[in-house]
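J.: using only what follows, build the 3D model:
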Amino acid sequence: MSDIHQRLARSAFRSRFRLGDKERDYANAKGRGTILSHAEDFVAQRLAPAQPKNDGRQTPMRGHPVFIAQHATATCCRGCLAKWHGVPQGREMTAVEQGRAAAVILEWIDRQMGYRAGAGPT
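T.: Next up, the predicted model:
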């Protein structure tokens, strides 16, 4: 388990998130590559700008596996990214920071789906 996932597991709020049957079915139907693409798109559109629209309220709590993962991994808003991941608010996220956020999201989804780390379905 990565360091960030160990720290998040100690948070009562973050550790309560789980994928439901609907989100698992969606992830299975779309495939790991598509889910990663969605994570990258959501991070780029909703988090990467220096001043994201509706920051702090831009990530729904349900409806997509990535949304749930964002709350579980503290990649849901710029405040959480600053607190948990050290990504400063008020400036655009770098490509590396965006990639790390998407990777943390996908790792959490992989764990929820029962995949070996980074391997996808077995």
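
J.: and the lengthiest helix in the chain, what's buried?
T.: The single longest helix within the chain, with elements called by DSSP state H, is helix 95-113. Across helix 95-113, burial judged by 16 or more other CB atoms under 10 Å covers 97-98, 100-113. Just so you know, the C-beta spots here come from the backbone N, C-alpha and C atoms, and that holds for glycine as well.

J.: closest one to Asn28 out of these, please.
T.: Met113 (7.7 Å; CB to CB).

J.: just list the residues touching that closest one, thanks.
T.: Leu19, Arg24, Ala27, Asn28, Pro121 (CB atoms under 8 Å, 6 or more residues apart in numbering).

J.: what's the farthest-apart pair in the residues you listed?
T.: Leu19 and Pro121, at 14.2 Å, using CB to CB across the contacts of Met113.

J.: the more surrounded of the two?
T.: Leu19 (19 against 12; other CB atoms under 10 Å).

J.: still on that earlier bit, looking at the buried residues of helix 95-113, spot the one nearest Asp55.
T.: Closest to Asp55, out of all of the buried residues of helix 95-113 and judged by CB to CB, is Ala101, at 14.5 Å.

J.: quick check: the closest one vs Gly20, distance?
T.: Remark: distance between Ala101 and Gly20 (CB to CB, to the nearest Å) = 23 Å.

J.: Leu36 too?
T.: 20 Å.

J.: ok, back up a step: report the mean confidence score over the longest helix of the chain.
T.: On average, the pLDDT along helix 95-113 is 97.

J.: kindly export the one helix or strand Trp84 maps to (C-alpha atoms) in CSV.
T.: Counting by DSSP states H and E, the element that carries Trp84 is helix 78-85. Written as CSV, here are the backbone C-alpha positions of helix 78-85 (Å, rounded to 0.1, in the frame of the first residue of the first chain):
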residue,chain,number,x,y,z
ARG,A,78,-7.8,22.0,-4.3
GLY,A,79,-8.1,22.3,-0.5
CYS,A,80,-7.8,18.5,-0.1
LEU,A,81,-5.0,18.3,-2.7
ALA,A,82,-3.1,20.9,-0.7
LYS,A,83,-3.7,19.2,2.7
TRP,A,84,-3.1,15.6,1.7
HIS,A,85,-0.9,15.8,-1.4
